[in-house]
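Trainee: Following is a predicted model, sequence given first.
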Amino acid sequence: MLGVERSTLFGWLARYRRGGWDALDARKRGGRPPKLTAKMMEWIYETVTMKDPRQLRFSFALWTSLMVAELIRRQFNICLSKASVCRLMNQLGLSPQKPLWRAFQKDAERVARWVKEEYPRIRALARRQKADIFFGDEAGVRSDFHSGKTWAVRGKTPIVSTTGARFGCNMISAISPRGAMRFMLVEGKLTGDVFVDFLKRLIHNWPRPVFLIIDGHPVHKSVAV
């Protein structure tokens, strides 16, 4: 909009961090030089928004303030406090956010078509047969799970790609649109027999027919199920 280079913008941000609005006055010069130059700030912005911390030999998959401080120390040999890093991130337009997890196999168009066309048909059929709809899935404690937040551009919640692989203590659960929930804890792997056991428990003493909507996991498609 202003017709300036991106590096110029980061230069303005660096001056603002050093001395506020007065530092942006082109008629004024002098003052303490900033620790971070415009090029440094641009590199920090691109690294935090475009790279996974594990690519830079960090063990954690989400950016924290202390990790960004360590990144700056490694790259530029400049030590910043946690408060300074948080102030820098905010001035770069970044905020701490909890990322959304998405399987990279997800087909967005197919999902949208299912929500718009297929689910309304299922809902109408359930209404005619006086049945309850449940959505079922499995979950578990995984070694690659991170429940924290990472720095990202304001208004753009980050997405972490995952294979969806699960191991450890698993749980099968089903929840209705009205909030009714049934679940079962599972030791070991999910098999067809385990899922059939869950289905029997789900319908046990339930007063109405059940429509269970599940994903394309191979176990869900097994002959026994």
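Mentor: In hand now; what should we look at? Numbers count the residues shown, from 1 in each chain.
Trainee: Could you use CA atoms for every contact and neighbour count after this?
Mentor: Fine.
Trainee: Where does Q75 sit: helix, strand or coil?
Mentor: When classified by DSSP: H, G, I helix; E, B strand; the rest coil, Q75 comes out as helix.
Trainee: For it, which residues are in contact?
Mentor: By C-alpha atoms under 8 Å, 6 or more residues apart in numbering, no residues touch Q75.
Trainee: Tell me the spacing between it and V68.
Mentor: Q75 sits 10 Å away from V68 when distances are taken as C-alpha to C-alpha, to the nearest Å.
Trainee: Kindly export stretch 174-193 (C-alpha atoms) in PDB.
Mentor: Only the C-alpha atoms of stretch 174-193 are listed here, as PDB (Å, rounded to 0.1, in the frame of the first residue of the first chain):
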ATOM      1  CA  ALA A 174     -19.000 -41.700  20.800                       C
ATOM      2  CA  ILE A 175     -20.800 -38.400  21.300                       C
ATOM      3  CA  SER A 176     -24.200 -37.200  20.100                       C
ATOM      4  CA  PRO A 177     -25.000 -33.700  18.900                       C
ATOM      5  CA  ARG A 178     -26.900 -33.300  22.200                       C
ATOM      6  CA  GLY A 179     -23.900 -34.100  24.200                       C
ATOM      7  CA  ALA A 180     -24.600 -37.700  25.200                       C
ATOM      8  CA  MET A 181     -21.300 -39.600  25.500                       C
ATOM      9  CA  ARG A 182     -20.200 -43.200  25.800                       C
ATOM     10  CA  PHE A 183     -16.600 -44.300  26.000                       C
ATOM     11  CA  MET A 184     -14.400 -47.300  26.600                       C
ATOM     12  CA  LEU A 185     -10.700 -47.500  27.600                       C
ATOM     13  CA  VAL A 186      -8.600 -50.000  25.600                       C
ATOM     14  CA  GLU A 187      -5.300 -51.600  26.500                       C
ATOM     15  CA  GLY A 188      -3.300 -52.400  23.400                       C
ATOM     16  CA  LYS A 189      -4.200 -51.900  19.800                       C
ATOM     17  CA  LEU A 190      -7.600 -51.300  18.300                       C
ATOM     18  CA  THR A 191      -8.900 -54.400  16.500                       C
ATOM     19  CA  GLY A 192     -12.200 -55.500  15.000                       C
ATOM     20  CA  ASP A 193     -13.200 -57.500  18.000                       C
END
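Trainee: where's that stretch relative to the chain centroid, distance-wise?
Mentor: 23 Å (C-alpha atoms, centre = their mean, to the nearest Å).
Trainee: could you give the mean pLDDT of that stretch?
Mentor: If you average the pLDDT over stretch 174-193, you get 89.
Trainee: what is the rounded mean pLDDT of the longest strand belonging to the chain?
Mentor: For the chain, the strand that runs over the most residues, judged by DSSP state E, is strand 132-140. What strand 132-140 shows for mean pLDDT is 92.
Trainee: Name the residues of it that come out as buried.
Mentor: The neighbour-count criterion (16 or more other C-alpha atoms under 10 Å) identifies D132, I133, F134, G136, D137, E138, G140 as the buried residues of strand 132-140.
Trainee: Paired strands for it, with orientation please.
Mentor: In the sheet containing strand 132-140, its partner strands are strand 170-175 (antiparallel), strand 210-213 (parallel), by DSSP bridges.
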